[in-house]
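> sequence and predicted structure are below.
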Amino acid sequence: MHLTPDMADSFGDRLERDLIQHGLVSARPELADAMVPDEHRPLLRIRRPGAGMLIVARVIEGAAARWVIGVPGEPSPTLLDADSPDDAVAIVLAALDGASRGRHGNSPADTPG
């Protein structure tokens, strides 16, 4: 069997999603039961009781692909870009800690410590 480029991309996206999921569980074992990976897309939902659901999704725009984290908020959700699976883990952990800031590309992982 030969993998088409689309099949290889899809497989890679799922591997990266699994890396994100495992990174989150390694950092916070209690998240294991709160995460719901999508069966058909590179997407991970993270339940937060009383605070809405975080979404980690692979977004493809033209030839570029990136991970985006959607954080519920008022008046609208915040969308944060991740450069890598490790960056996605850091952004999710910061959002879970309530340290999320900015919109469309401002990452809490970039906040000076």
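Happy to help now that I have it. Just so you know, these numbers come straight off a predicted model, no measurement behind them.
> all strands of the protein, in order?
35-37, 43-48, 52-61, 64-71, 78-82 (DSSP state E).
> need those in CSV (columns: mean pLDDT, distance to Leu24 and mean neighbour count).
From N, CA and C alone the C-beta is placed, and that goes for glycine too. Converted to CSV, the strands of the chain look like this (pLDDT from 0 to 100; distance: least, C-beta to C-beta, whole Å; neighbours: other C-beta atoms under 10 Å):
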stretch, mean pLDDT, distance to Leu24, mean neighbour count
strand 35-37, 91, 7, 15
strand 43-48, 90, 8, 16
strand 52-61, 89, 9, 17
strand 64-71, 90, 11, 18
strand 78-82, 93, 12, 20
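> make CSV from these and add distance to Leu96 to it.
Shown next, in CSV, are these (distance: least, C-beta to C-beta, whole Å):
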stretch, distance to Leu96
strand 35-37, 11
strand 43-48, 7
strand 52-61, 7
strand 64-71, 9
strand 78-82, 13
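> contacting residues for the residue nearest the centre of the chain?
What sits nearest the mean C-alpha location of the chain, by C-alpha atoms, centre = their mean, is Val56, with 2.7 Å. Val56 makes contact with Arg17, Ile20, Leu43, Leu44, Arg45, Ile46, Trp67, Val68, Ile69, Gly70, Ala88, Val92, according to C-beta atoms under 8 Å, 6 or more residues apart in numbering.
> run the chain-centre distance for stretch 42-55.
For stretch 42-55, the separation from the chain centroid amounts to 10 Å (computed by C-alpha atoms, centre = their mean, to the nearest Å).
> can I get it in CSV, CA atoms only?
Provided in CSV are the C-alpha atoms of stretch 42-55 (Å, rounded to 0.1, in the frame of the first residue of the first chain):
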residue,chain,number,x,y,z
PRO,A,42,-7.3,16.4,14.0
LEU,A,43,-9.4,17.9,16.8
LEU,A,44,-9.3,17.6,20.5
ARG,A,45,-12.0,18.9,22.9
ILE,A,46,-11.2,19.6,26.5
ARG,A,47,-14.2,19.8,28.9
ARG,A,48,-14.0,22.5,31.6
PRO,A,49,-16.9,22.2,34.1
GLY,A,50,-18.6,25.6,34.3
ALA,A,51,-16.1,27.3,32.0
GLY,A,52,-17.0,25.9,28.5
MET,A,53,-14.9,23.7,26.3
LEU,A,54,-11.4,24.3,24.9
ILE,A,55,-10.9,23.2,21.3
